[in-house]
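*Asks:* please work out how this folds:
(2 chains)
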Amino acid sequence: KAGVTQTPRYLIKTRGQQVTLSCSPISGHRSVSWYQQTPGQGLQFLFEYFSETQRNKGNFPGRFSGRQFSNSRSEMNVSTLELGDSALYLCASSLASASYNEQFFGPGTRLTVL
Amino acid sequence: AQKVTQAQTEISVVEKEDVTLDCVYETRDTTYYLFWYKQPPSGELVFLIRRNSFDEQNEISGRYSWNFQKSTSSFNFTITASQVVDSAVYFCALSLRDTGNQFYFGTGTSLTVIP
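*Replies:* A predicted model of the protein is given here:
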């Protein structure tokens, strides 16, 4: 069974630009969550999508948004990039939106904002 | 508010030594779940264990063991006879019954096993 895939793996952007990251969950998984990992703040929850609906949202500005498609693939978008958005963005998939579920993580997209 | 604390930022041990990684959590919810994940240099988090708040049984899996104590809000992880392949960053995480797959992660403990 293929794992969680994220594209692209690396991305370099400049301040003010926008970026879209993609995540394909494990086949059959309907929940996709996104996390931001930085050396200073650690791993922080961005949002979770389940059946194309945002189920939960973390404490991030509105510049961070996401969506989920009918095939459970998810994208997250960051508009008007800031230097502080440089981070590893991790996507995790799970069978359902339930707190006891094991989440399977992808390799991440490393975003560098110059 | 929910919080997970991993006070040990970095630990170094010599191969074959035992090592314990500490995790302390805070929540007012009575139903919650605790997890440990391993993040090797490749970056992908790997699931190690899940424990629910009603199950305080300790668990052993090979060289790994976990000690869950609700009285001290701790969920500690011990690696016995450490190996170089155990070198990674280890994260403890908390999820709540009513917030789906939202994990509250600790800041992680970087473990280096020296050959």
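
*Asks:* so B:Y37 lies in a helix, does it not?
*Replies:* No: per DSSP: H, G, I helix; E, B strand; the rest coil, B:Y37 lies outside any helix segment and is strand.

*Asks:* how near is the residue nearest in space to the middle of chain A to B:R97?
*Replies:* Nearest to the geometric centre of chain A sits A:W34, at 3.2 Å (Cα atoms, centre = their mean). Using Cβ to Cβ, to the nearest Å, A:W34 is found at 21 Å from B:R97. Backbone N, C-alpha and C define where each C-beta goes, glycine included.

*Asks:* also A:T5?
*Replies:* 30 Å.

*Asks:* for the residue nearest to the centre of chain A, list each beta-bridge partner.
*Replies:* A:F47, A:C91 (DSSP bridges).

*Asks:* what's the mean pLDDT across the host helix or strand of A:G66?
*Replies:* Using DSSP states H and E, A:G66 falls within strand A:64-68. The average pLDDT within strand A:64-68 is 97.

*Asks:* so which residues on chain B come close to chain A?
*Replies:* Contacts of chain B with chain A, taken as Cβ under 8 Å from any Cβ of the partner chain, map to B:32-33, B:35, B:37, B:42-47, B:50, B:52, B:91, B:95-108.

*Asks:* let's see that with 10 Å instead.
*Replies:* Contact residues (Cβ under 10 Å from any Cβ of the partner chain) of chain B with chain A: B:4, B:6, B:29, B:31-33, B:35, B:37, B:39, B:42-52, B:91, B:93-108.

*Asks:* make a ChimeraX selection of the buried ones in those residues.
*Replies:* Applied in ChimeraX, the following selects the buried portion of the residues of chain B next to chain A according to 16 or more other Cβ atoms under 10 Å in any protein chain shown:
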select /B:4,6,32,33,35,37,39,43,44,45,48,49,50,51,91,93,94,95,96,99,100,101,102,103,104,105,106,107,108
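
*Asks:* okay, and which of the residues of chain B next to chain A map to strands?
*Replies:* B:4, B:32-33, B:35, B:37, B:39, B:46-52, B:91, B:93-96, B:104-105 (DSSP state E).

*Asks:* what helix or strand is the nearest residue to A:Q68 once chain neighbours are set aside located in?
*Replies:* Using Cβ to Cβ, 6 or more residues apart in numbering or on different chains and skipping residues adjacent in sequence, the residue nearest A:Q68 is A:Y49, 3.7 Å away. Using DSSP H and E, A:Y49 sits within strand A:42-50.
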